[in-house]
Each structure stands twice: as C-alpha cells, then as structure tokens.
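Trainee: Got a predicted structure plus its sequence, pasted below:
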Amino acid sequence: MNCGKTQCPAYGVNLHCWLVENTICIEDKLTYKEKLQKRCFNCQVLIEEVKMSKQIRDTNLQPLDIRDYALDGLSSRLSFINEHLEDEIAKLLLLNKINMLLGSKHNLDERLYGVLTAVTAGYGLGFNRAMLFLVDEEQKVLEPKLAIAPVNQEAAHRIWTEVENKYRSLEELLMASPKQLIMDPRVEAVIKKLKIPVTRESGVLALTVIEGRPLNIINALNDPRVNQKCREKLGTTAFASAPLWGREKVIGVIAVDNAFNNRPITDEDIAMLAAFAGHAGFMIEQSKLQAKLGEQLVQLQEMQELLLESERLAAWGKMAGVLAHEIRNSLVPIGGFAQRLHRSFSEEDKRKEEVAIIVKEVKQLEMILNNLLRSGQLPPPELQVSNINKIMKETLLFMDNEFQQKRIKTITALSPGLPDVMVDDCQMQQVLFNLFQNSMRAMENGGELRIGTTNNDQFVQIELTDTGVGISKDIMKKIFDPFFTTNQQGFGVGLTVVKQIITAHNGTIDVKSEPNVGTTFSIRLPILGVISET
C-alpha cells in the first residue's frame, strides 16, 4: 500500500495494511475501528481497488463500500488460511496414526513392510510404487530390502482393489500386512541386484544419503544426477527419494514414483514423505538394535551355558578321579580271579571263551581308570579301522545275561555289509554299555529294546529304541549334563561320557522320546574315508 508514510513497513508492499505487522497505524495505538475509519476507508489505494473491482466510475465512494470490500478480502484470506490449516492438521493426524501403528510392530521385517504399505496405500501417502534401501555400513552400499512394486498398471489396479475392498481402513491394512502386496518375483529379481555404492557418482539415491535431504526428480531422463542404468532397471521417468534418519545419521532411503497414474509428485508430497521417512528411520533403527541385542543375548546365554558346562565337567573330573581310585581297588582282584579261572578251563571248554571276554573287559576298564587317574578326563580315542556291527555283537553278548534278568527282549536289525569306521573299540563299547544301562533303567518291569544299524554315503547310524517310561521335554534338555540324573542310585555321568566320546569321534548323538511310550537314541559316525573331511 501507499498511504504516504514512507517509514511504515506497509509502504510500497503489495499487501493490504492489515496483513502487514507493525504498521504505523499500530504504532499510533489506534483501535481496530479507528484504523479502519481514519486510515483504511480514506486510503486512495484501497479506493482505487474498490472502484476497479466493482467497476465504479463515481469517485464519491462511501465508507460502507470500502468497508464491505475490506471485509470480503479479509474473509477470503481467513477462509484460505483455515483450509490450509485443516489440510496440514489432516496430514499430521495421518502421520501420527501411521507412526502409532508401526510402533506396535517390533520385528524389523514387519516394520519395513508396514512402512512401504503406508507409503503406497490409497488412504496413506498414495504413491504407486515404493522401494526401501538400507545402508550396509561395512560395504558402504545401499542394499534393497523391500519393495511394493506391482509389475504393471493392471496388476496394481487388481491388487489394490482387492486390498481396499477387504481392509476398510489404514489400521486394518497395516495390522494385517496382506500377502498381495509382497513384491512380484519378476520385480524382485531386478531390484535385488541393485546394490548402490554410497558415492556422489552413484546417482540420486546415494546423494539422498550423503546430503541427508529429499530429492524430487521431475525429469529422470535428462537429470544429470540420475544413474541411468538404475533408472532403466526401475522403469521410471520421474521419482522422488527421502532419507531414513536414525538418531545420528541416515540409515537408508525410500524411493517412490507414480509410474502407473503419472501423477506429478508435488512439493507437498515430498514434504509429507520426508516427514514420514524421518519417523520411519528411527523405528527401523530401533528394530535393528533390538534384533542385534537379541542376538547378543542369545550368544551370552550360550556362553553362560558353556561356562556352566565346563564348571560341571571340571567338578566331574575331580569326582571321577576319586571314583576311579575306588573302583580300581575292587577291579584288580576281579581281574586276577578271572585270569586264573580262564587258565583253569581247557581249550575245548566253551566257558573259556566267555571268561576271556571278562578278562578283556576288565583290562579295558583298568586302562580307562588309569587314564582317569592320570588326567581326570577321558583319554583321546585311539582310532582304528573297526566295524560297528562287530562291536555291537560283542557288547550284546556281554550284556545278554543282564537283559534276561531284567526281562528285556532285544530285537536286532544290523545292516549287512556295513562300511568300516575309524573308532576306539573300547570307547564305543563304553558308549553302547552306558546306553543299554540307561534303557534298562527305563524298563524296570521289562520291555523291548530294538537295536539297528544303517548307513548312507557319509555316516553309519546306530539306533537304540526302548519301550520305557520315556523322557519329558524339561528333562530332555539336561540329560547330557554332568551329574544330572533321575536315578537315585546313579551319579549322572553316563550320558555325559557318551556325548563326550561321540563328539571326540566327530559324530553326533540325538534323542527323541515320548513319555510312557519310549526313547530312541541315534548315533551317527563318519564312515572310513569321510572322517578327514568332517
């Protein structure tokens, strides 16, 4: 306006005085009514505007005409401001709703999926396609993580029609995470190959990370910032990107376009996308930290279990020394008596062969006990070429009398032509003996013990299945722990020794059990020629 007061902030400005702050009228401390009467209604500029707008030739305008014009202008301005504010409030409410819904998801994949769903949903941000990349800090590249990108316009229309008919609100859609929106395999094959170095020469997405601000590419074909190879793979001519901000740095990028309806991406769209991406980045970073913390917690628990196991094994080693000393004291006279008995039988007497087994087993036990006394732990296996079927038959012969006394029926199915293995015969017999003892304790009133051997290209497998009381899930986790036992007369070291021996042979042992049905122990040992590769 130009009312002659050159020192007034409104002087020479193409705005009405009432839209300019700190005007002379205000400094004169006039009331609103006085300002209208003394300044506005006598303003020549305002009079000329009224004449032109109402096409009035008569210069004798009444203050009422000027007042009506001024009020009409002010009303239009207030109406425009109100509409703008309502629109901004609606956008803020939408962002708040999306953030609250995503906040209820803690899994990283669920949040990534939720972010892109919100970006592409018609009652969300409404873009046709969206892709999410995260920064790989070690390799310094942007890696594609997820995309909602139908293969063509027909597919997009079909998918979103199905989704919006089924899910009537954004809340329902984000909570359901419908499978229809999962990336088309044809699109996925292209996008998964896009690993973009975070350098200025790599294009718009990398620049978004480096500069930490959104970019709106109106003409991707001619914009020098665009990586044309990347653009061709994405099949877009105009797109936008927004940084995913974590607490201190950009952790990724959201790229969007309207490839199907070709609606221009406006500055308002970019502002909305950038505001949303800022919140989404923080939540994605939070999920990544939670996942990492979960992994570290699992590792810590595993380390704690290993520490406890090593402590138990150390305690077992000390106790084993004491037990070995006491057992050896009793075993020596038994061995001497067995040797004298063996010599007393003639070569034709069948009992001589049976006593020979006793003599052999006593010697093996003495050797094991001597090793325990020297080292407090099991000796390393003395590997030699052996046949599991042969070891099994010898151990069964040794256990036959005890099986009969316990009324346990043994059913054997030993695979003929079983490949040889590299094992310590003595230790393998100890494994079988301990497992047989375990099965007998589980079948106090008798039962059936199935014993089988099989093989594949790499392993010989032993299976022992009893019809005993079975093992509950809680106990199953502890059966190989030192000193854990449900037998009041046992020390709880038998299955611990079994696990140690099998592990020392590069083998594995598994157990399956059902209470009141029975238990199966499965042992796998590498066949001869494979052991060096395991």
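Mentor: Looks like it came in fine.
Trainee: contacting residues for Asn445?
Mentor: Arg407 (Cβ atoms under 8 Å, 6 or more residues apart in numbering). Every residue, glycine included, has its C-beta placed from N, CA and C.
Trainee: now do 10 Å
Mentor: By Cβ atoms under 10 Å, 6 or more residues apart in numbering, the contact set of Asn445 is Lys406, Arg407, Ile408, Gly468, Val469.
Trainee: Report the mean confidence score over stretch 236-254.
Mentor: Average pLDDT, stretch 236-254: 91.
Trainee: Can you give me the buried ones in it?
Mentor: Neighbour-count burial for stretch 236-254 flags 236-246, 250-254 (criterion: 16 or more other Cβ atoms under 10 Å).
Trainee: Arg450: helix or strand, and which one exactly?
Mentor: Assigned by DSSP states H and E, Arg450 belongs to strand 447-455.
Trainee: Helices of the stretch 251-400 of the chain, residue ranges please.
Mentor: 267-344, 350-375, 388-405 (DSSP state H, counting those that start in this stretch).
Trainee: Are we agreed that Ala240 is in a helix?
Mentor: No. Counting by DSSP: H, G, I helix; E, B strand; the rest coil, Ala240 falls outside a helix, being strand.
Trainee: That one and Ile475, how far apart?
Mentor: To Ile475, Ala240 is 59 Å away according to Cβ to Cβ, to the nearest Å.
Trainee: Show me which pair in the buried residues of stretch 236-254 is furthest apart.
Mentor: Thr237 and Gly246 (31.2 Å; Cβ to Cβ).
Trainee: bridging residues for the closest residue in space to Glu143 that isn't next to it in sequence?
Mentor: Spatial nearest neighbour of Glu143, chain neighbours left out: Asp136 (5.2 Å); criterion: Cβ to Cβ, 6 or more residues apart in numbering. Listed beta-bridge partners, Asp136: Val141 (assigned using DSSP bridges).
Trainee: Count residues in the vicinity of Asp136, would you?
Mentor: Residues lying near Asp136 (other Cβ atoms under 10 Å) number 13.
Trainee: How about the contacts made by it?
Mentor: Leu142, Glu143, Lys195, Val198, Gly252.
Trainee: try Asn219
Mentor: Asn219 touches Val226, Thr237, Ala238, counting by Cβ under 10 Å, 6+ apart.
Trainee: same question, Thr454
Mentor: The neighbourhood of Thr454, defined by Cβ under 10 Å, 6+ apart, consists of Ala413, Leu414, Ser415, Leu418, Val460, Gln461, Ile462, Glu463, Arg524.
Trainee: Restrict stretch 327-341 to CA atoms and write it as PDB.
Mentor: What follows is stretch 327-341 as a C-alpha-only set of coordinates in PDB (Å, rounded to 0.1, in the frame of the first residue of the first chain):
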ATOM      1  CA  ILE A 327      36.700 -98.800  41.500                       C
ATOM      2  CA  ARG A 328      40.200 -99.900  40.600                       C
ATOM      3  CA  ASN A 329      40.800-101.200  44.100                       C
ATOM      4  CA  SER A 330      37.900-103.600  43.600                       C
ATOM      5  CA  LEU A 331      38.600-104.300  40.000                       C
ATOM      6  CA  VAL A 332      42.100-105.600  40.500                       C
ATOM      7  CA  PRO A 333      41.100-108.800  42.400                       C
ATOM      8  CA  ILE A 334      38.200-109.400  40.000                       C
ATOM      9  CA  GLY A 335      40.700-109.300  37.100                       C
ATOM     10  CA  GLY A 336      43.100-111.600  38.800                       C
ATOM     11  CA  PHE A 337      40.400-114.100  39.600                       C
ATOM     12  CA  ALA A 338      39.100-114.100  36.000                       C
ATOM     13  CA  GLN A 339      42.600-114.700  34.700                       C
ATOM     14  CA  ARG A 340      43.000-117.700  37.000                       C
ATOM     15  CA  LEU A 341      39.600-119.000  36.000                       C
END
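Trainee: buried ones in it?
Mentor: Ile327, Arg328, Leu331, Gly335, Ala338, Gln339.
Trainee: Reformat the residues you listed as JSON lines; add pLDDT and distance to Arg263.
Mentor: Formatted as JSON lines, those follow (pLDDT from 0 to 100; distance: Cβ to Cβ, whole Å):
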{"residue": "Ile327", "pLDDT": "75", "distance to Arg263": "86"}
{"residue": "Arg328", "pLDDT": "65", "distance to Arg263": "89"}
{"residue": "Leu331", "pLDDT": "75", "distance to Arg263": "90"}
{"residue": "Gly335", "pLDDT": "75", "distance to Arg263": "94"}
{"residue": "Ala338", "pLDDT": "80", "distance to Arg263": "95"}
{"residue": "Gln339", "pLDDT": "81", "distance to Arg263": "98"}
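Trainee: where exactly do the strands run in this protein?
Mentor: 129-136, 141-148, 196-197, 215-217, 239-245, 250-257, 384-386, 408-414, 421-423, 447-455, 459-466, 508-514, 518-526 (DSSP state E).
Trainee: lowest-confidence stretch among the ones you listed?
Mentor: Among the strands of the chain, strand 141-148 scores lowest, with a mean of 86.
Trainee: helices and strands around that one, which ones?
Mentor: When contacts are defined as 3 or more Cβ pairs under 10 Å, 6 or more residues apart in numbering; DSSP states H and E, strand 141-148 packs onto helix 108-120, strand 129-136, helix 153-166, helix 185-191, strand 196-197, helix 204-211, strand 250-257.
Trainee: Just want the angle from the first one to strand 239-245.
Mentor: Orientation note: helix 108-120 sits at an angle of 140 degrees relative to strand 239-245 (axes from the mean of the first three to the mean of the last three Cα atoms, to 10 degrees).
Trainee: what does the second one give?
Mentor: Here the directions of strand 129-136 and strand 239-245 differ by 40 degrees (the same axes, to 10 degrees).
Trainee: any low-confidence regions in the stretch 351-500 of the chain?
Mentor: In the predicted model, the stretch 351-500 of the chain carries pLDDT under 70 at residues 370-378, 482-493.
Trainee: if we can go back for a sec, neighbouring strands - and their directions - for the strand holding Arg450?
Mentor: If you go by DSSP bridges, strand 447-455 pairs up with strand 408-414 (parallel), strand 459-466 (antiparallel).
Trainee: mind putting these in CSV, distance to Asp424 included?
Mentor: CSV is the format used below for the strands paired with strand 447-455 (distance: least, Cβ to Cβ, whole Å):
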stretch, distance to Asp424
strand 408-414, 20
strand 459-466, 15
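Trainee: Check those strands for me and report the most buried one.
Mentor: Stretch with highest mean neighbour count among the strands paired with strand 447-455: strand 459-466 (a mean of 21; mean count of other Cβ atoms under 10 Å).
Trainee: mind saving the C-alpha coords of that strand as CSV?
Mentor: Output of strand 459-466 as CSV, limited to C-alpha atoms (Å, rounded to 0.1, in the frame of the first residue of the first chain):
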residue,chain,number,x,y,z
PHE,A,459,27.6,-91.9,8.0
VAL,A,460,27.0,-95.2,9.8
GLN,A,461,23.9,-94.8,12.1
ILE,A,462,23.1,-96.7,15.3
GLU,A,463,19.6,-96.6,16.7
LEU,A,464,18.5,-97.9,20.1
THR,A,465,14.8,-97.7,20.8
ASP,A,466,13.3,-98.8,24.1
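Trainee: just the angle between that strand and strand 518-526, please?
Mentor: Between strand 459-466 and strand 518-526, the angle comes out at 160 degrees (the same axes, to 10 degrees).
Trainee: The strand holding Arg450: which residues count as buried?
Mentor: Going by neighbour count (16+ other Cβ under 10 Å), the buried part of strand 447-455 is Gly447, Leu449, Arg450, Ile451, Gly452, Thr453, Asn455.
Trainee: Mind picking the one among the residues you listed that's closest to Gln437?
Mentor: The shortest approach to Gln437 among the buried residues of strand 447-455 belongs to Leu449, at 11.5 Å (Cβ to Cβ).
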